[in-house]
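Peer 1: I'll drop the sequence and a predicted model, then ask my questions.
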Number of protein chains: 2
Amino acid sequence: MKKHNFYAGPSILSQYTIKNTAEAVLDFAGTGLSILEISHRSKEFQAVIDEASALVKELLEIPEGYHVLFLGGGASMQFCMVPFNLLAKKAAYLDTGTWSSKAIKEAKLFGEVDVVASSKDKNYTYIPKGYTVPDDVDYFHITTNNTIYGTEMRFDPDVKARLVADMSSDIFSRPIDVSKYDIIYAGAQKNLAPAGVTIAIVREAALGKVARAIPTMLNYQTHIDKGSMFNTPPCLPIYSALQTLRYYKDLGGIKELERRDIEKAARLYEAIDESKIFVGTTEKDARSIMNVCFVMRPEYAELEKDFITFATERGIVGIKGHRSVGGFRASIYNAMPIESVEVLITAMKDFEYKI
Amino acid sequence: MKKHNFYAGPSILSQYTIKNTAEAVLDFAGTGLSILEISHRSKEFQAVIDEASALVKELLEIPEGYHVLFLGGGASMQFCMVPFNLLAKKAAYLDTGTWSSKAIKEAKLFGEVDVVASSKDKNYTYIPKGYTVPDDVDYFHITTNNTIYGTEMRFDPDVKARLVADMSSDIFSRPIDVSKYDIIYAGAQKNLAPAGVTIAIVREAALGKVARAIPTMLNYQTHIDKGSMFNTPPCLPIYSALQTLRYYKDLGGIKELERRDIEKAARLYEAIDESKIFVGTTEKDARSIMNVCFVMRPEYAELEKDFITFATERGIVGIKGHRSVGGFRASIYNAMPIESVEVLITAMKDFEYKI
């Protein structure tokens, strides 16, 4: 039975990425060796990281002055790397969910943190508006997509302070004005690659402003100076990332990905809004096009387990909602085909009809 | 042409590991999904990390009180994690090469560092002896195998202080008395898995003795408390590690691996010692059984490039020595079959005969 992969992350990757990665595990670039066992200093792997970096720059139209880094450790490591590198006295953070909160917790180890707004009062079901970011902060940090709560900031905020964004779960789903940001980081395991690599897009001019000593591995400058090869990088995840980036370029780039993502999300939200038993959990203007969160209306709440079983029988995997929200979460990242979204919608309608 | 992979790392893995990983990239554990795109919270992946952890404990006969962690970021990240977690006032380090030196550099950011001995005076060609480790240090750090210089400490030192070891390039090549150590860490890309995961074996009782605030991701306790799943772990490298661990167990465990490793190294060193043109670079009693470093005798030095070409034509890959030593380095990790070592020895003899 064909599986429809709605996991929140690690999550669905394109068949192009999967197939090419499997081939490279057996024979990488005609070397007769596996991508698992080839030196990162080989010319064949250098070509991989060079092309991957160039494609990120091309697809996101990254201006001069920025470096694309491929780092190990996960986006959670960035929660401390950002303040290590940028926080001299005070930083501003927008609290839009679990990941923001974790980033705030780490920043507090390094200096004063001004949480300019939070949507915690309503279980993170909306994106705060009307807040003010002080001009004197070292940077303002946002989380553009909140995987757990299904909300998203689909715009690049205008602030005077340096802007830092965790785009782990929506990078490559819309054009970004990179020039507004000083650091963008993203764990790869949603829209790019298997778990194990994090991309960081860093404006070099933003670095070197703090007085503290930074451990070598936690200093962005280290990785800029060595082209992400200060230490052995996670080679296979980077190879898979390259496949995804090639696939994105062939599809037509970020605008085409955005068009598809909006269409998929619109269909699913429409089905939720038309349903008598399902209901969305977020404010409509904050809806994520990556993670669609919904629950059973209270009078049907006891049927949630039944729907999971019903969906599982149709090959639908990974739609159980996070415990913080309950219900269901359909993660429909770039690689998710609209056909799988239709399978889910049909299952929702059939289940509703059946009860 | 069959390739003989002598890369220093990432380096040769068993065909069992490579084949099973390739299969899991296409279909993981019968889920119908790729290991690249499956949730780390799925029961199928939980089973992987549980079995991998149990096998590390079994193979290394790890006593109670220790935890096996699978971390991202590389062994280079451990250079700062160790002092972050253990260095209150002063630590002792043994300087046996590039990796030791890098570890020492990071430790100095956190406290006083007593370099108890160094073999830098002779380009790290020996392992210092007769040094004293002060009893009052927070820990004593050693690098058991020096990939670049080809030296190895094939014993577990007796010291009163807590003992920390970087075993990145020789773990699983000999039985270890784990009870002598408080932390053992190893980047996986030599004897275990593709690059992207580092194993850390941590005695929990050694933690919590420093006053400083430790960023969450850099705190071993975080990863102990969450069973290496505080954040998304590098799933594919962990899956590959599990395959290697199963392979090791099937072969007969660590003692059998050590027997094979000693035999392979003995044959290669014997060929070097018998040669009129090649010569080993290290003191004989410090020779690594993982990385065999040798050069051309001075009168033949101009032939080094020719030998690389000669060897390449026989499918031998990755024997160029590190620039700090020059000449050649044959890395003959656990997965290296003795047949490939014989191919190298034959190439050396044929080249010598030819000139």
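Peer 2: Sure, I can see it.
Peer 1: Report the contact partners of A:Glu339.
Peer 2: Contacts for A:Glu339 (C-beta atoms under 8 Å, 6 or more residues apart in numbering or on different chains) come out as none. Using the backbone N, CA and C atoms, a C-beta is placed for each residue, glycine as well.
Peer 1: Residue numbers of the stretch 51-200 of chain A in contact with chain B?
Peer 2: By C-beta under 8 Å from any C-beta of the partner chain, the part of the stretch 51-200 of chain A that sits against chain B consists of A:71-77, A:79-80, A:84, A:102, A:105-106, A:109, A:187, A:189, A:193-197.
Peer 1: now the stretch 201-350 of chain A
Peer 2: Residues of the stretch 201-350 of chain A lying near chain B (C-beta under 8 Å from any C-beta): A:213, A:215-218, A:230-237, A:240, A:315, A:317-318.
Peer 1: still on that earlier bit, out of the residues of the stretch 51-200 of chain A next to chain B, which end up buried?
Peer 2: With burial judged by 16 or more other C-beta atoms under 10 Å in any protein chain shown, the buried subset of these is A:71-77, A:79-80, A:84, A:102, A:106, A:109, A:187, A:189, A:193-197.
Peer 1: Which members of these are positioned in strands?
Peer 2: Cross-referencing these against strands under DSSP state E gives A:Leu71, A:Gly187.
Peer 1: Among the buried ones among the residues of the stretch 51-200 of chain A next to chain B, name the ones in helices.
Peer 2: Cross-referencing these against helices under DSSP state H gives A:Ala75, A:Ser76, A:Met77, A:Phe79, A:Cys80, A:Phe84, A:Lys102, A:Glu106.
Peer 1: okay, now the closest residue to the third one other than its chain neighbours: neighbour count?
Peer 2: This points to A:Met77. Nearest non-adjacent residue to A:Met77, counting by C-beta to C-beta, 6 or more residues apart in numbering or on different chains: B:Met217, 4.9 Å away. Applying other C-beta atoms under 10 Å in any protein chain shown, we find 26 residues neighbouring B:Met217.
Peer 1: And the one 10 residues further on, by the same measure?
Peer 2: The local packing count at B:Gly227 equals 16, with neighbours defined by other C-beta under 10 Å.
Peer 1: now the one 3 residues further on
Peer 2: One way to gauge burial is a neighbour count; for B:Phe230, by other C-beta under 10 Å, it gives 19.
Peer 1: Surely it is in a helix?
Peer 2: No - with DSSP: H, G, I helix; E, B strand; the rest coil as the criterion, B:Phe230 is coil rather than part of a helix.
Peer 1: And A:His67, which helix or strand is it part of?
Peer 2: strand A:66-71 (DSSP states H and E).
Peer 1: can you list the residues that contact that strand?
Peer 2: By C-beta under 8 Å, 6+ apart, strand A:66-71 touches A:49, A:52-53, A:56-57, A:62, A:77, A:178, A:197-204, A:220, A:223-224, A:228, A:233-234, A:238, A:241, B:73.
Peer 1: Out of these, which end up buried?
Peer 2: Buried subset of the contacts of strand A:66-71 (neighbour count, 16+ other C-beta under 10 Å): A:49, A:52-53, A:56-57, A:62, A:77, A:178, A:197-203, A:220, A:223-224, A:228, A:233-234, A:238, A:241, B:73.
Peer 1: Now, these that are in strands?
Peer 2: A:Thr198, A:Ile199, A:Ala200, A:Ile201, A:Val202, A:Arg203.
Peer 1: got these as TSV, with pLDDT columns?
Peer 2: Formatted as TSV, these follow (pLDDT from 0 to 100):
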residue	pLDDT
A:Thr198	98
A:Ile199	98
A:Ala200	98
A:Ile201	98
A:Val202	98
A:Arg203	98
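Peer 1: wait, which of the residues you listed is closest to chain B?
Peer 2: Compare each of those with chain B using C-beta to the nearest C-beta and the shortest gap goes to A:Thr198, at 8.6 Å.
Peer 1: so what's the closest one bridging to?
Peer 2: A:Leu71, A:Gly187 (DSSP bridges).
Peer 1: which parts of the strand or helix carrying A:Glu339 are buried?
Peer 2: Assigned by DSSP H and E, A:Glu339 belongs to helix A:338-354. Across helix A:338-354, burial judged by 16+ other C-beta under 10 Å covers A:Ser340, A:Val341, A:Val343, A:Leu344, A:Ile345, A:Ala347, A:Met348, A:Phe351, A:Glu352.
Peer 1: Pull it out as PDB, backbone CA atoms only.
Peer 2: Extracted C-alpha coordinates of helix A:338-354, given in PDB (Å, rounded to 0.1, in the frame of the first residue of the first chain):
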ATOM      1  CA  ILE A 338      -1.300  17.200  -3.800                       C
ATOM      2  CA  GLU A 339      -2.500  13.700  -4.500                       C
ATOM      3  CA  SER A 340      -1.700  12.700  -0.900                       C
ATOM      4  CA  VAL A 341      -3.500  15.800   0.400                       C
ATOM      5  CA  GLU A 342      -6.500  14.700  -1.600                       C
ATOM      6  CA  VAL A 343      -6.300  11.200  -0.100                       C
ATOM      7  CA  LEU A 344      -6.400  12.800   3.400                       C
ATOM      8  CA  ILE A 345      -9.300  15.100   2.400                       C
ATOM      9  CA  THR A 346     -11.200  12.100   1.000                       C
ATOM     10  CA  ALA A 347     -10.600  10.200   4.200                       C
ATOM     11  CA  MET A 348     -11.900  13.100   6.300                       C
ATOM     12  CA  LYS A 349     -15.100  13.300   4.200                       C
ATOM     13  CA  ASP A 350     -15.600   9.500   4.100                       C
ATOM     14  CA  PHE A 351     -15.200   9.400   7.900                       C
ATOM     15  CA  GLU A 352     -17.600  12.200   8.400                       C
ATOM     16  CA  TYR A 353     -20.100  10.500   6.100                       C
ATOM     17  CA  LYS A 354     -19.700   7.200   7.900                       C
END
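Peer 1: residue ranges for the helices of chain A, please.
Peer 2: Applying DSSP H to chain A gives helices spanning A:15-26, A:43-59, A:75-86, A:98-107, A:220-225, A:235-251, A:254-274, A:304-312, A:338-354.
Peer 1: Put together CSV for the ones you listed, with mean pLDDT on each row.
Peer 2: As requested, the helices of chain A are exported to CSV (pLDDT from 0 to 100):
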stretch, mean pLDDT
helix A:15-26, 98
helix A:43-59, 98
helix A:75-86, 98
helix A:98-107, 98
helix A:220-225, 98
helix A:235-251, 98
helix A:254-274, 98
helix A:304-312, 98
helix A:338-354, 98
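Peer 1: Now the spatially most central residue of chain A. Its backbone dihedrals?
Peer 2: What sits nearest the mean C-alpha location of chain A, by C-alpha atoms, centre = their mean, is A:Ser169, with 1.7 Å. Recorded main-chain torsions at A:Ser169 are phi -110, psi 10, according to degrees, to the nearest 10.
Peer 1: how does chain A divide up, domain by domain?
Peer 2: By the record's domain assignment, chain A is partitioned as A:15-251, A:253-354 (automatic domain parsing).
Peer 1: now, of those domains, which is deepest in the fold?
Peer 2: Scoring the domains of chain A by mean neighbour count under mean count of other C-beta atoms under 10 Å in any protein chain shown gives domain A:15-251 as the most buried, with a mean of 21.
Peer 1: roughly how far out does that one sit from the chain middle?
Peer 2: 9 Å (C-alpha atoms, centre = their mean, to the nearest Å).
Peer 1: For the closest residue in space to A:Pro175 that isn't next to it in sequence, give me its contacts.
Peer 2: Nearest non-adjacent residue to A:Pro175, counting by C-beta to C-beta, 6+ apart: A:Ile254, 5.2 Å away. A:Ile254 makes contact with A:Leu59, A:Leu60, A:Phe172, A:Ser173, A:Arg174, A:Pro175, A:Tyr248, according to C-beta under 8 Å, 6+ apart.
Peer 1: still on that earlier bit, wait, the residue nearest to the centre of chain A touches A:Lys190, no?
Peer 2: Yes - contact status for A:Ser169 versus A:Lys190: in contact at 4.5 Å, counting by C-beta atoms under 8 Å.
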